[in-house]
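Trainee: What follows is a protein structure lacking sequence information:
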């Protein structure tokens, strides 16, 4: 049906926006959101209701708009969905942070300490994996599962949770209400990440060393207490271990290792898209 084909096309638009959008466009897309989140944060209601206003109200508005447009013409539904998808996936910081890391590595004076380099690589790998989960794979999962409405909801929830975490880190102590709201947003984000993180870990197994990856994740993949970030970190390390080439300079070695990780992530994304294409184009699915 046309809806299945529209989902595939929206997924391709999402990937194009995530990887190819100019940086100045990304900054413009992220400008209106703080005004909405700032207003919702000042609403004099309880923390749970405030979070619901910030996340659920835009989802309801979008769902109603899509339903109204569906009564006019399908092309209007697609155009509005495409705008939302571009906004959600275009607001990404992963590529910019990766480039900043490369510039910092190139300008740093590295001592002859292998442990220091390994720690720098480990931190960069963990941060990049988590950014890819939160900015690409998780919203893509919710887009494919439940239309752009769910992708928008995840995006707003992610921004609320990350903004609250940033406030908590920038202040030595906060009031109980702020701590409670931050905790609620993070818990909701953790729940929203539960399935996408497991699918991403399985994708690493298919895109890399399946035997090693399955051995690393099989005992934890269905456990509710398993942290999503730790699971994908371990899965990526087992699927394709990355190390710094000692024959290269530290900066070049770190950048090369991170490019290997990026290659694994792109292969995992191909796995997702192949499954989506088969589901879309195969008759009867």
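Mentor: Received the coordinates, thanks. It should be emphasised that the depicted structure is a prediction, and the values quoted were computed from it without experimental measurement.
Trainee: confidence score at residue 145?
Mentor: Looking at residue 145, its pLDDT stands at 90.
Trainee: Also residue 209?
Mentor: So residue 209 comes in at 93 (pLDDT).
Trainee: contacting residues around it?
Mentor: Neighbouring residues of residue 209 by C-beta atoms under 8 Å, 6 or more residues apart in numbering: 238, 239, 240. Using the backbone N, CA and C atoms, a C-beta is placed for each residue, glycine as well.
Trainee: Just these: which are in helices?
Mentor: Among these, the members falling in helices (DSSP state H) are 238, 239.
Trainee: quick check, nearest of the contacts of residue 209 to residue 246?
Mentor: Nearest to residue 246 among the contacts of residue 209, counting by C-beta to C-beta, is residue 240 at 18.8 Å.
Trainee: what's the burial count for residue 190?
Mentor: Using other C-beta atoms under 10 Å, residue 190 has 14 other residues around it.
Trainee: returning to that earlier point: neighbour-wise, which one of the contacts of residue 209 leads?
Mentor: Busiest of the contacts of residue 209 [other C-beta under 10 Å] is residue 239, holding 26 neighbours.
Trainee: If we ignore the residues flanking it in sequence, what's nearest that one?
Mentor: Distances taken as C-beta to C-beta, 6 or more residues apart in numbering place residue 208 nearest to residue 239, at 2.8 Å, with adjacent residues excluded.
Trainee: Near that neighbour, how many residues? Count them for me, please.
Mentor: Neighbourhood size, residue 208 [other C-beta under 10 Å]: 21.
Trainee: residues touching it, list them.
Mentor: Counting by C-beta under 8 Å, 6+ apart, residue 208 touches 236, 238, 239, 240, 264, 267.
Trainee: And these, which two are furthest apart?
Mentor: 238 and 267 (14.5 Å).
Trainee: returning to that earlier point: out of the contacts of residue 209, which one sits closest to residue 253?
Mentor: Among the contacts of residue 209, and counting by C-beta to C-beta, the member closest to residue 253 is residue 240, at 16.1 Å.
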